[in-house]
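Engineer: Next come a sequence and a model predicted from it.
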Amino acid sequence: MPEYQHIIRQEMTQQPVSIDHIRQVKQAYEGQLLRMANVVGVGIGLQLQGGVRTNNPALVVMVRKKLPAESLAQSDLIPREIEGIPVDVQEVGDIRANQI
(Lines give C-alpha, C1' and ligand atoms only; values in the text may rest on other atoms or scores of the structure.)
Protein backbone atom coordinates (compact mmCIF):
# COMPACT_ATOMS: atom_id res chain seq x y z
CA MET A 1 0.00 0.00 0.00
CA PRO A 2 1.44 3.45 -0.86
CA GLU A 3 2.81 5.46 2.07
CA TYR A 4 0.27 8.29 1.65
CA GLN A 5 -2.57 5.88 2.45
CA HIS A 6 -1.07 5.17 5.88
CA ILE A 7 -0.78 8.83 6.88
CA ILE A 8 -3.68 11.18 7.54
CA ARG A 9 -3.06 14.86 8.26
CA GLN A 10 -4.71 15.84 11.49
CA GLU A 11 -6.18 19.34 11.13
CA MET A 12 -6.00 20.13 14.84
CA THR A 13 -2.22 19.81 15.23
CA GLN A 14 -1.12 19.56 11.59
CA GLN A 15 0.93 16.53 12.61
CA PRO A 16 0.73 13.37 10.49
CA VAL A 17 -1.21 10.63 12.23
CA SER A 18 -0.52 7.03 11.32
CA ILE A 19 -3.53 4.73 11.17
CA ASP A 20 -1.24 2.04 12.58
CA HIS A 21 -0.56 4.29 15.60
CA ILE A 22 -4.30 4.82 16.12
CA ARG A 23 -4.82 1.04 16.00
CA GLN A 24 -2.04 0.53 18.57
CA VAL A 25 -3.57 3.14 20.88
CA LYS A 26 -7.00 1.52 20.50
CA GLN A 27 -5.61 -1.90 21.29
CA ALA A 28 -3.68 -0.61 24.32
CA TYR A 29 -6.60 1.33 25.89
CA GLU A 30 -9.75 -0.45 24.70
CA GLY A 31 -10.10 -2.68 27.77
CA GLN A 32 -9.64 0.24 30.16
CA LEU A 33 -12.18 2.36 28.27
CA LEU A 34 -14.74 -0.47 28.14
CA ARG A 35 -14.57 -0.81 31.94
CA MET A 36 -15.77 2.79 32.34
CA ALA A 37 -19.40 3.40 33.25
CA ASN A 38 -21.65 4.07 30.26
CA VAL A 39 -19.10 2.96 27.60
CA VAL A 40 -20.48 0.37 25.15
CA GLY A 41 -17.82 0.34 22.42
CA VAL A 42 -14.50 1.64 21.12
CA GLY A 43 -13.59 2.13 17.48
CA ILE A 44 -11.64 4.20 14.97
CA GLY A 45 -13.41 6.79 12.85
CA LEU A 46 -13.64 10.40 11.81
CA GLN A 47 -14.32 12.96 14.51
CA LEU A 48 -17.73 14.62 14.70
CA GLN A 49 -18.05 18.31 15.57
CA GLY A 50 -21.54 19.68 16.08
CA GLY A 51 -22.94 16.56 14.44
CA VAL A 52 -20.83 17.10 11.30
CA ARG A 53 -18.15 14.59 10.32
CA THR A 54 -14.68 16.13 9.94
CA ASN A 55 -11.60 14.73 8.19
CA ASN A 56 -9.86 14.26 11.56
CA PRO A 57 -9.21 10.63 12.49
CA ALA A 58 -10.07 9.83 16.09
CA LEU A 59 -10.47 7.10 18.63
CA VAL A 60 -14.27 6.85 18.92
CA VAL A 61 -15.68 5.96 22.33
CA MET A 62 -19.34 4.99 22.12
CA VAL A 63 -21.52 5.65 25.17
CA ARG A 64 -25.15 4.85 25.98
CA LYS A 65 -25.85 8.50 26.78
CA LYS A 66 -23.65 11.59 26.99
CA LEU A 67 -23.64 12.79 30.58
CA PRO A 68 -22.31 15.95 32.22
CA ALA A 69 -18.80 15.47 33.63
CA GLU A 70 -19.99 16.35 37.14
CA SER A 71 -22.36 13.37 37.16
CA LEU A 72 -19.52 10.88 36.53
CA ALA A 73 -16.91 9.53 38.92
CA GLN A 74 -13.41 10.84 38.22
CA SER A 75 -12.39 7.33 37.11
CA ASP A 76 -15.16 7.33 34.47
CA LEU A 77 -14.18 10.59 32.76
CA ILE A 78 -13.08 9.90 29.18
CA PRO A 79 -9.96 11.88 28.19
CA ARG A 80 -10.08 14.31 25.24
CA GLU A 81 -7.00 12.65 23.75
CA ILE A 82 -4.82 9.60 24.35
CA GLU A 83 -1.19 9.57 23.24
CA GLY A 84 -1.84 12.51 20.92
CA ILE A 85 -4.90 10.87 19.30
CA PRO A 86 -8.17 12.83 19.70
CA VAL A 87 -10.95 10.95 21.46
CA ASP A 88 -14.49 11.52 20.18
CA VAL A 89 -17.31 10.48 22.52
CA GLN A 90 -20.43 9.53 20.55
CA GLU A 91 -23.83 8.71 22.02
CA VAL A 92 -25.17 5.47 20.51
CA GLY A 93 -27.65 4.11 23.07
CA ASP A 94 -27.67 0.42 23.94
CA ILE A 95 -26.05 -1.91 21.42
CA ARG A 96 -27.91 -5.19 20.87
CA ALA A 97 -27.41 -8.06 18.48
CA ASN A 98 -30.26 -8.51 16.01
CA GLN A 99 -31.85 -11.89 15.47
CA ILE A 100 -31.47 -13.32 12.00
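Structural biologist: That came through, no problem.

Engineer: State the pLDDT value of Leu48.
Structural biologist: In the predicted model, Leu48 carries a pLDDT score of 88.

Engineer: what's the spacing between the nearest residue to it once chain neighbours are set aside and Gln99?
Structural biologist: Counting by Cβ to Cβ, 6 or more residues apart in numbering, Leu48 lies nearest to Asp88, which is 6.0 Å off, once chain neighbours are set aside. C-beta: built from backbone N, CA, C; applies to glycine. To Gln99, Asp88 is 30 Å away according to Cβ to Cβ, to the nearest Å.

Engineer: neighbour-wise, which of those two wins?
Structural biologist: More neighbours surround Asp88 than the other of Asp88 and Gln99, with 22 against 4 (other Cβ atoms under 10 Å).

Engineer: follow-up on the earlier one: in whichever strand or helix holds the residue nearest to Leu48, what's buried?
Structural biologist: With secondary structure defined by DSSP states H and E, Asp88 is part of strand 85-91. The neighbour-count check on strand 85-91 (16 or more other Cβ atoms under 10 Å) flags 85-89 as buried.

Engineer: Stretch 27-47 now?
Structural biologist: Of the residues in stretch 27-47, those scored as buried under the neighbour-count criterion (16+ other Cβ under 10 Å) are 29-30, 33, 38-39, 42, 47.

Engineer: Let's see which of the residues you listed end up in helices.
Structural biologist: Per DSSP state H, helices hold the following members of the buried residues of stretch 27-47: 29-30, 33.

Engineer: So which residues of the chain form strands?
Structural biologist: In the chain, the strands defined using DSSP state E lie at 7-9, 16-18, 39-49, 52-63, 81-82, 85-91.

Engineer: For Pro57, give its distance to Gly31.
Structural biologist: With distances taken as Cβ to Cβ, Pro57 is found 21 Å from Gly31.

Engineer: again with Val17
Structural biologist: Counting by Cβ to Cβ, the gap from Val17 to Gly31 is 22 Å.

Engineer: neighbours of Arg23, just the number please.
Structural biologist: Other residues close to Arg23 by other Cβ under 10 Å number 12.

Engineer: check contacts around it.
Structural biologist: When contacts are counted by Cβ atoms under 8 Å, 6 or more residues apart in numbering, Arg23 touches Ile44.
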